[in-house]
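S.K.: can you look at this prediction? I've put the sequence above it.
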Amino acid sequence: MLSPVTTFSIAGLQLEIARGDNLAYLRSEIEAVVSRFPWVQMVVLGELSAYGSGTARAESLAGPSEQAFCRIAQALRIWLIPGSFYVREGESVFNLSPIINPAGEVVARHRKMFPFLPYETGVTPGKDFIVFDVPDVGRFGVSNCYDMWFPETTRMLAAMGAEVILHPSMTNTIDRDVELAIARANAASNQCYFFDINVAGRLGFGRSIVCGPGGEVVHQAGRGREVFPVEVDFDLVRRVRQRGWQGIGQVLKSFRDRAVDFPVCGDHRLPFESLNALGPLKLPEREQLEENFSRRGAPRINQLGEQS
């Protein structure tokens, strides 16, 4: 009698993305990884890989981009999370990630919960936590880029049973080092695999990371194009959750059995004065220089260090 399948092969594709139509390029890269590594069962791309940033090319729900990715998944018989693209639903625009099965069917759609405000303007936050099952294998959860900066999102997915978090990103800012730490912390504190797949090229700094259920680094990519198939072990996740990583912390059990509530995660209208005092969420303004550095130029400093 065959044992139940407890391993699953996922390929992260960190691709050099430009603004514009990248669909043909993405198809060729997905086909290439499946041809080279025929055991791969799922492919995950970075955020906004199809067209890059900007909502001008937002499509209708189940539009041509999603249909194209469905055809790719069906032709290659793989699970596919093609990063994300912008979708218009009524008056709202969402940053949407479809989850596509090997039959080419969309089994779920994740809408980014925390658009990167105040920069990712005109995008409506999603409200639904998305998990899905690969039959006879395990449960997956999906989040998107800035979502992981809010640990409540990953904790909710873990509480819903997610054992692997799939997390497309598009980061080209100075805080990528911080995100690597956040990815590891999310994996360790929720005892799950965490796939943070960034883009490369002009729109991303690369440095994707795959973390194991103890927060350990399974793989960290460089800055350029990189393809990395990883075999995840669901038995390892389940053992870590039951016994603790290396027999130490049983984090999810402690969270389940907690004696404390977290009011800050409840009614967000509660009057937390320290948060309200931060002011509105808006772009930082250029700080004004001191009057002495205005049109007159900088003040003179003599050899004694005295201003004149």
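M.R.: Received the coordinates, thanks.
S.K.: make it CA atoms for all contacts and neighbour counts henceforth
M.R.: Will do.
S.K.: name the nearest residue to Gly161, ignoring sequence neighbours.
M.R.: Closest residue to Gly161 apart from its sequence neighbours, by C-alpha to C-alpha, 6 or more residues apart in numbering: Arg139 at 6.4 Å.
S.K.: and that neighbour, how many neighbours?
M.R.: When neighbours are counted by other C-alpha atoms under 10 Å, Arg139 registers 19.
S.K.: that one falls within a strand, correct?
M.R.: Yes. The assignment for Arg139 (DSSP: H, G, I helix; E, B strand; the rest coil) places it in a strand.
S.K.: would you map the helices across the stretch 51-200 of the chain?
M.R.: Taking DSSP state H, counting those that start in this stretch as the criterion, the stretch 51-200 of the chain carries its helices at 64-76, 151-159, 176-190.
S.K.: list the buried residues in the second one.
M.R.: Taking 16 or more other C-alpha atoms under 10 Å as the neighbour-count basis, helix 151-159 is seen to contain the buried residues Thr153, Thr154, Arg155, Leu157, Ala158.
S.K.: may I have the phi/psi pair for Ala18?
M.R.: Main-chain dihedrals, Ala18, degrees, to the nearest 10: phi -120, psi 160.
S.K.: what about it, neighbour count?
M.R.: A count of neighbours around Ala18, defined by other C-alpha under 10 Å, yields 18.
S.K.: now it: how far from Gly204?
M.R.: 10 Å (C-alpha to C-alpha, to the nearest Å).
S.K.: pLDDT at Ser3, what is it?
M.R.: The score at Ser3 is 53. That number is its pLDDT.
S.K.: Val264 should be in a strand, yeah?
M.R.: No. Looking at Val264 with three-state DSSP, it is helix, so not inside a strand.
S.K.: change the start of the numbering to 352 and stick with it
M.R.: With 352 as the first residue, the last one maps to Val615.
S.K.: with Met393 as the reference, measure out to it.
M.R.: Counting by C-alpha to C-alpha - Val615 and Met393 are separated by 36 Å.
S.K.: of these two, which one has the most company?
M.R.: Set Val615 next to Met393 and count neighbours by other C-alpha under 10 Å: Met393 wins out with 22 against 11.
S.K.: can I get the helices of the stretch 402-551 of the chain in CSV with distance to Ser494 and mean pLDDT?
M.R.: Shown next, in CSV, are these (distance: least, C-alpha to C-alpha, whole Å; pLDDT from 0 to 100):
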stretch, distance to Ser494, mean pLDDT
helix 415-427, 18, 98
helix 502-510, 8, 97
helix 527-541, 12, 98
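S.K.: how about these in CSV, adding distance to Pro631?
M.R.: Formatted as CSV, these follow (distance: least, C-alpha to C-alpha, whole Å):
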stretch, distance to Pro631
helix 415-427, 36
helix 502-510, 22
helix 527-541, 24
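S.K.: out of these, nearest to Phe579?
M.R.: Within these, the stretch nearest Phe579 is helix 527-541; the backing value is 16.8 Å (C-alpha to C-alpha).
S.K.: quick one: residues in contact with that closest one.
M.R.: With contacts defined as C-alpha atoms under 8 Å, 6 or more residues apart in numbering, helix 527-541 is touched by 499-500, 502, 505-506, 509, 544-545, 547, 556, 558, 560, 562-568, 602-603.
S.K.: quick check: the farthest pair among the buried residues of helix 502-510?
M.R.: Farthest-apart pair in these is Thr504 and Ala509; separation 8.8 Å (C-alpha to C-alpha).
S.K.: which SS state does the closest residue to Phe546 other than its chain neighbours fall under?
M.R.: The shortest distance from Phe546 to any non-neighbouring residue, by C-alpha to C-alpha, 6+ apart, is to Val561 (4.6 Å). Using three-state DSSP, the secondary structure recorded for Val561 is strand.
S.K.: looks like Val561 contacts Val569 (just checking).
M.R.: Yes. Under the criterion of C-alpha atoms under 8 Å, Val561 makes contact with Val569 at 5.4 Å.
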